[in-house]
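Colleague: my questions concern the predicted model and sequence given below.
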Amino acid sequence: MTIILTPYWSNGVQKLKLIEPPHVPKHGLVPPVLDRDVHAARCLAQLRSKDKGLEKYIYLSQLKHEDYAMFYRLCLQNMAEFTPIIYTPTVGDACVNFSEIYRRPEGLYVSIKDKGKIGSVIRNWPKIDEARISVVTDGSRILGLGDLGVNGMGISIGKLSLYVAGAGIRPESTIPICLDLGTNTQRYLDDPFYLGLRQIRVGDAEMTAFMDEFMEEMSKTFPKLMIQFEDFSTDNAFKYLERYRKKYPVFNDDIQGTGAVVLSGFLNAAKLSSAASGQPLSSHRILFFGAGSAGVGVASQLMSFFTLQGLTEDEARRRIYLVDSQGLVYDTRGPLAEHKKYFSRDDYQGPPMKDLLDIIAYVKPTALLGLSTISGAFNGDILDAMAAINPRPIIFPLSNPVKLSECSFADAVAHTQGRVLFASGSPFPEQQFQGKTLYPGQGNNMYIFPGLGLAAILGRVSEITDSMVEASSLGLANSLTNEERSLGLLYPRIERIREISAFIAKEVIRAAQKAGVDRSPDLRGMSDDELLRFINNKMWTP
Ligand SMILES: NC(=O)C1=CN([C@@H]2O[C@H](COP(=O)(O)OP(=O)(O)OC[C@H]3O[C@@H](n4cnc5c(N)ncnc54)[C@H](O)[C@@H]3O)[C@@H](O)[C@H]2O)C=CC1
Ligand SMILES: CC(=O)C(=O)O
Ligand SMILES: [Mg+2]
């Protein structure tokens, strides 16, 4: 970050001093020979000398703070090596241990104690005019790791680092935010190092009053800001997206970003799967294991896969089956959470069907998608069952981090004799099978939100419409190169993230223009080539 905030202590409390860059050291205060390229190699060597993920994370956090240009330069040059450290899976460890590994403040904390004066807290942010994008979490469902309270700040920081690296958002225009509304995780309440309030989470009414004030003050203080909601527990994820999406430029990454990234990978996988089975694209049947914000968000987005094939909305809905912790979701099972009702089956009346093997035998899915947080749920029997009914089964274990993945790529390859079409939420290594290298896809919203956010900023959009989210998804699906297709990849290589984000941003800006929610009239008159050039020129490069 260019904002240099130096912590100091006053009356036992940590405070911050703002040091304005540039911060040019005087002659004699740096070593005689300090070449930037050599130093880049030195930083990389220092990083690689550490053998634990968390140590690498701490090292990179310090590097980002001390020399953010070097951090982002190395990140862009080594995306495949850096993303698993600054993002999933290691960011999960970093969040769980956030209060233990805490070194210095980063981001903005707004707590329930600030209710009534949230505006004054927000206005303490040092670079108000520059702010364009914020990732806001309340820490209540961080990855699949549960309620981490204020330790969730790590996820806002990690996502925004990917905005900078992946879409060239200027570092000083990002604001990581963690809302401290308490935590229901007892071990944090008992932990002397825990950095948040020692209280259980506030109730619904209190939270909503807090959120209303927070959102209003954010929009007043930062009129050009887009907000990404991240890792709110499922009920609140749906509730606050619906509450604010027409009023402010806001989107929910877990519902919409995940929906978009999975639709994109699914479009590419379904073509390969249908080519092998000879069945039309419209005949796919998708089984979701996990029906939370991510599962239902993805299911909703996959509706457009079927409607694009000419199915009606009702026919599309019937191609999708949900499974939650009680088994298959169907109408006569008993009371259902609001977000599950749309996909609940009206064509099954039998006794509760709990066992995933039984459900697979009943549904005969062509695709099995995991968003359940249940590690190893797609065991050998499940994978065998999918392999037995599909020439090329689509298997996407999307839960994060790696340790919660429903299966590994190695197991999916072994049990399907290399036929699987695979994407996971967190990265897995490639596999050798019968002399061929097989590549796993990473179905993670990190492919979507950088480009979507860049489009929202450049297009100065007043809201984020469903059509913009869909455009981001189709943009990603269409960004595969011929070489990537020939290798059977479902997603482009992460090393091309800047190019992909620019392409996605162009598609999203066009969708915003069509929906009439853009406020950058100059971009309307541009040809596609001009718009793409404009976007590329706007990207910050370290
Ligand atoms: N790949 C990606 O880009 C993303 C992945 N995710 C991952 O998706 C996972 C779920 O996230 P949310 O939907 O927000 O969480 P959630 O907690 O709301 O949903 C979990 C769902 O799994 C179901 N479930 C739990 N135990 C089960 C069991 N034993 N059998 C069957 N179903 C069971 C629950 O009933 C619930 O429907 C997390 O691990 C998260 O990291 C979330 C967003 C993006
Ligand atoms: C990737 C992501 O947003 C999640 O696992 O929650
Ligand atoms: Mg998330």
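Modeller: That came in fine, so what should we check first? Ligands and ions are numbered 1, 2, ... in the order given.
Colleague: who in the stretch 251-400 of the chain is up against ligand 1?
Modeller: By C-beta under 6 Å from any ligand atom, the residues of the stretch 251-400 of the chain that approach ligand 1 are 254, 258, 261, 289-295, 323-325, 371-374, 398-400. Where you see a C-beta, it was placed from the backbone N, CA and C, and this is true even at glycine.
Colleague: sort out for me which of these are in helices.
Modeller: Per DSSP state H, helices hold the following members of those: 258, 261, 293-295.
Colleague: of those, keep whichever come out buried.
Modeller: Buried members of these, counted by 16 or more other C-beta atoms under 10 Å: 258, 261, 293-295.
Colleague: which parts of stretch 455-466 are buried?
Modeller: Result for stretch 455-466 [16+ other C-beta under 10 Å]: buried residues 455-465.
Colleague: including distance to ligand 3, pLDDT and secondary structure, could those residues go into CSV?
Modeller: What follows is the buried residues of stretch 455-466, written out as CSV (distance: C-beta to the ion, whole Å; pLDDT from 0 to 100; DSSP: H, G, I helix; E, B strand; the rest coil):
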residue, distance to ligand 3, pLDDT, secondary structure
A455, 20, 98, helix
A456, 18, 98, helix
I457, 20, 98, helix
L458, 24, 98, helix
G459, 24, 98, coil
R460, 26, 97, coil
V461, 22, 98, coil
S462, 24, 97, coil
E463, 21, 97, coil
I464, 16, 98, coil
T465, 21, 98, coil
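Colleague: in the stretch 101-250 of the chain, what residue lies closest to ligand 3?
Modeller: Nearest residue of the stretch 101-250 of the chain to ligand 3, counting by C-beta to the ion: D231, 4.4 Å away.
Colleague: that residue contacts G146, correct?
Modeller: No - look at D231 against G146 with C-beta atoms under 8 Å: they stay out of range, at 10.3 Å.
Colleague: quick one, which of those two is more surrounded?
Modeller: Between D231 and G146, counting by other C-beta atoms under 10 Å, D231 is the more crowded of the two (26 against 15).
Colleague: phi, psi for that one please.
Modeller: phi 50, psi 40 (degrees, to the nearest 10).
Colleague: spit out the contact partners of it.
Modeller: Residues in contact with D231 (C-beta atoms under 8 Å, 6 or more residues apart in numbering) are 137-143, 152, 155, 254.
Colleague: what does A502 give?
Modeller: A502 touches 167, 451, 454, 532, 535-536, 539, counting by C-beta under 8 Å, 6+ apart.
Colleague: would you map the helices across the stretch 201-350 of the chain?
Modeller: 204-221, 234-244, 258-277, 293-308, 313-317 (DSSP state H, counting those that start in this stretch).
Colleague: how about a markdown table for these, with distance to K364 added?
Modeller: Below are the helices of the stretch 201-350 of the chain laid out as a markdown table (distance: least, C-beta to C-beta, whole Å):
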| stretch | distance to K364 |
| --- | --- |
| helix 204-221 | 40 |
| helix 234-244 | 28 |
| helix 258-277 | 12 |
| helix 293-308 | 17 |
| helix 313-317 | 17 |
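Colleague: to G525, which of those lies closest?
Modeller: helix 258-277 (27.5 Å; C-beta to C-beta).
Colleague: how big is the angle separating the closest one from helix 293-308?
Modeller: 50 degrees (axes from the mean of the first three to the mean of the last three C-alpha atoms, to 10 degrees).
Colleague: what about helix 258-277 and ligand 3, touching?
Modeller: No - Helix 258-277 lies out of reach of ligand 3 by C-beta under 5 Å from the ion, never closer than 7.4 Å.
Colleague: can you list the buried residues of stretch 455-466 in CSV and add distance to L181?
Modeller: Output for these, formatted as CSV (distance: C-beta to C-beta, whole Å):
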residue, distance to L181
A455, 30
A456, 26
I457, 28
L458, 33
G459, 32
R460, 31
V461, 28
S462, 28
E463, 25
I464, 24
T465, 29
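Colleague: ok, of those residues, which one's closest to ligand 2?
Modeller: Nearest to ligand 2 among these: I464, at 16.3 Å, using C-beta to the nearest ligand atom.
Colleague: any idea how far A505 is from the closest one?
Modeller: 13 Å (C-beta to C-beta, to the nearest Å).
Colleague: between those two, which contacts overlap?
Modeller: Joint contacts of I464 and A505 (C-beta under 8 Å, 6+ apart) are L452.
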